[in-house]
Structure formats: structure tokens, C-alpha cells
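Colleague: Predicted coordinates and the sequence they were generated for:
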Amino acid sequence: MTQGNLDTSPDVTVCHSEADDHAVTELFAPRAVPLGGLRAMQVDRVMPQRGLPTVGAWCFLDSFGPQEARMQVLPHPHTGLQTVTWPLAGEIHHRDSLGSDVLVRPGQLNLMTAGRGVAHSEISMSSGQLQGLQLWVALPEDRAVMAPDFEQHVSLPVFAAPGVTATVLMGSLGGVTSPATTHTPIVGADLVLDGPAVLPLRPDHEHAVLAIDPVVVADTDVPRGHLLYLGTGRAEVRLAGEGRAFLLGGEPFPDELVMWWNFVGRSHEEIVTAREAWQAADPLFGEVAGHDGARIPAPDLPGIRLAPRRRR
Ligand code: MN
């Protein structure tokens, strides 16, 4: 996904739990963001938000569909992050500057680690129903300039408990660990609910749940597309409802991040350097085959210094 991340107009509801100072329920609404392309497609962006730059190392969350749409995202760069692409309906053709050329289907995880720089394109295979998530994971400072990498996992482990089937994409949940490469202690899991359920959590991690369908999380109604932030200090969370949700969490991320367009860094200068390299077709990002050189140019920088996103 491609568009800039400077817009913030969230609706925030804060409700501090009496049970624990660190356990909270804060409901965040998504905002509609148009993606470019031949047939513009709209996504619901629920992270980052003012006051909620990260949940663990998760720093970006778009959901899209179900809608009749054709995703046409031409080659564009990333730095300092991992992209996690999780289709729920439809197939997406992923190509990147590492030479990866794969189809990603529902139930399969595409994980691209940008490190110091990578470029990729994402094109849906045909017009039709498209639904899915794209998330970004910030890399810790000592891995931010690592060599780029791409991995696809067609089989992922499942944590099952009464009322819930949780496919573990990233990190660990209830002793079930994904084979995907992670660089900080995190969890990302697709949840299918068919009744009341309890999920085990790590109390030293913070967590949030995205409602793909309307669900109840920690006794809070979470409308479709909304994110309920749960804070830290929870050994478990109660869920109810029928349908799909997504759990994200991890060790609270220590760094303040500067995020602009498709770049994650730690300073204004770092972002300016990455943008200039992309505009100059610097070999840092490589070439995505099959597009005859077509690419998405970086937008203009705002006329201000980019500032880190801060927590509440
Ligand atoms: Mn991308």
C-alpha cells in the first residue's frame, strides 16, 4: 500500500479499566484512504493514529473490502519495516526487487522485510471480490538497515480454544509460534470466532484487536473496521460474537518513529535520504521486473520537519 500517513482524524474513546492501571479499552475508528491506481480502491486505515503510533512493533494497519475492486499498486519502495499481507478473499500478485514473483492467496502469509530498502508491486489477479489486511512491523534500530528479504508461508500454525480458531501469522500465541521471521517479540493472529472465547495474552505485552466483523472484545462492542486497544497487563482477553477479527500485540516499542509515505525511520533526515534515493532510481531499491520501468513517484515532502509520532 502506498499512500502517505500524515493524515490523522481519529475518533477516540478512552475508558480506563478499574482492574489494572495498564489495562485499558480505547476504541479507534478507521478513516477511509483512497489508494491510487487505474481504478482507485479505498482502504480503511486504523493505524497509525494520533496517540497510538504503535502496538508492539506494529505501526500500520489497513483493511480493505470485501469489495469488487482491482488492486493495482505499481512498484514503490519501503525502508525500515516489514510488510505483512494477509488476503481474506481474492489473489494478489506480488513482485519485488529481490526477484520474488508469487501469488498470495487467502490463508497464506506474505512477509517482506524492507530493511535498508526494497521495492515491490501488488496487483490483484482479476476484478472480483477483494478483502484483506496489510500491516507493517517496524524494525528495531539495529535491524533497520539489514538486507531486504521476502518469505511466503503457505501453512501456518493454529491455536484453537473453545469459541476461537487463531491462525498465528507472526510471533507466538498460547505457546503456538509462527515460522515467520520476526525481529521483536510480537504476536499477530487471525481470529475466527463462533461464540464466547478466551485468548491467553502476555501481561508484559500490549495488545489490540481489529474487528473485521463486529465482535465483542473485553466486554466492549467493537464495530466493523474499528480497533480496540487493550494496553498491557492482561493475562487473557475475553471475546464474543461470530466472525473474524485480528489480534496484534507485542513488547511495547521503545523508539519514537518518523513515518512518512512508505518509509519508517528515526529522523527527518533519514526519510529525506530515502525519498531522494527512490526519486533518483538509486540501486538501493533495485528493480521490480515486469513493469517496464513504471513506478509510483514519491509525493512532495511537506514544508515542515517530519516529527516522530508520540504516544499519549
Ligand atoms: Mn507496499
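Modeller: Done, it's in.
Colleague: Gly115 reaches Pro148, doesn't it?
Modeller: Yes: contact criterion Cβ atoms under 8 Å: Gly115 and Pro148 qualify, at 4.7 Å. C-beta here means a position set from N, CA and C on the backbone, and glycine is covered the same way.
Colleague: Extract the CA atoms of the strand or helix carrying Leu247 and return them as CSV.
Modeller: Using DSSP states H and E, Leu247 falls within strand 242-250. Output in CSV follows, covering the C-alpha atoms of strand 242-250 (Å, rounded to 0.1, in the frame of the first residue of the first chain):
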residue,chain,number,x,y,z
GLU,A,242,-19.3,-14.6,15.4
GLY,A,243,-17.0,-13.7,12.6
ARG,A,244,-13.5,-12.6,12.1
ALA,A,245,-11.0,-10.4,14.0
PHE,A,246,-7.3,-9.8,14.1
LEU,A,247,-5.1,-9.8,17.3
LEU,A,248,-1.9,-7.7,17.2
GLY,A,249,0.5,-7.1,20.1
GLY,A,250,4.0,-7.2,21.4
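Colleague: Would you verify that Glu276 is located in a helix?
Modeller: Yes: under DSSP: H, G, I helix; E, B strand; the rest coil, Glu276 sits within a helix.
Colleague: Tell me how many other residues crowd it.
Modeller: 12 (other Cβ atoms under 10 Å).
Colleague: show me the contacts for it.
Modeller: By Cβ atoms under 8 Å, 6 or more residues apart in numbering, the residues touching Glu276 are Asp282.
Colleague: For it, report the pLDDT, please.
Modeller: In this model, Glu276 is scored at 98, pLDDT.
Colleague: and what of Phe60?
Modeller: For Phe60, the model assigns a pLDDT of 98.
Colleague: is it fair to say it lies in a helix?
Modeller: No: secondary structure assignment (three-state DSSP) places Phe60 in strand, not in a helix.
Colleague: and it, how many neighbours?
Modeller: 23.
Colleague: State the distance from the nearest residue to Glu141 once chain neighbours are set aside to Ala57.
Modeller: In space, and not counting its chain neighbours, Glu141 is closest to Asp255: 6.1 Å by Cβ to Cβ, 6 or more residues apart in numbering. Distance of Asp255 to Ala57, computed by Cβ to Cβ, to the nearest Å: 9 Å.
Colleague: Repeat that for Val272.
Modeller: 24 Å.
Colleague: before we move on, what about Ile92?
Modeller: 23 Å.
Colleague: Tell me which of these two has more neighbours.
Modeller: Of the pair Ile92 and Ala57, Ala57 is the one with more neighbours under other Cβ under 10 Å, namely 29 against 23.
Colleague: which one is the more buried one nearest to, not counting chain neighbours?
Modeller: Thr184 (4.4 Å).
Colleague: What of Pro200?
Modeller: Per Cβ to Cβ, 6+ apart, closest to Pro200 is Gly174, 4.5 Å.
Colleague: My guess is the one you found contacts Leu199. True?
Modeller: Yes: taking contacts as Cβ under 8 Å, Gly174 lies within contact range of Leu199: 7.2 Å.
Colleague: Which neighbours do those two have in common?
Modeller: Ala161, Ala166.
Colleague: Parallel or antiparallel, which strands does the helix or strand harbouring Ala166 pair with?
Modeller: Following DSSP H and E, the helix or strand that holds Ala166 is strand 164-173. Sheet pairing of strand 164-173 (DSSP bridges) gives strand 158-161 (antiparallel), strand 176-177 (antiparallel), strand 186-194 (antiparallel).
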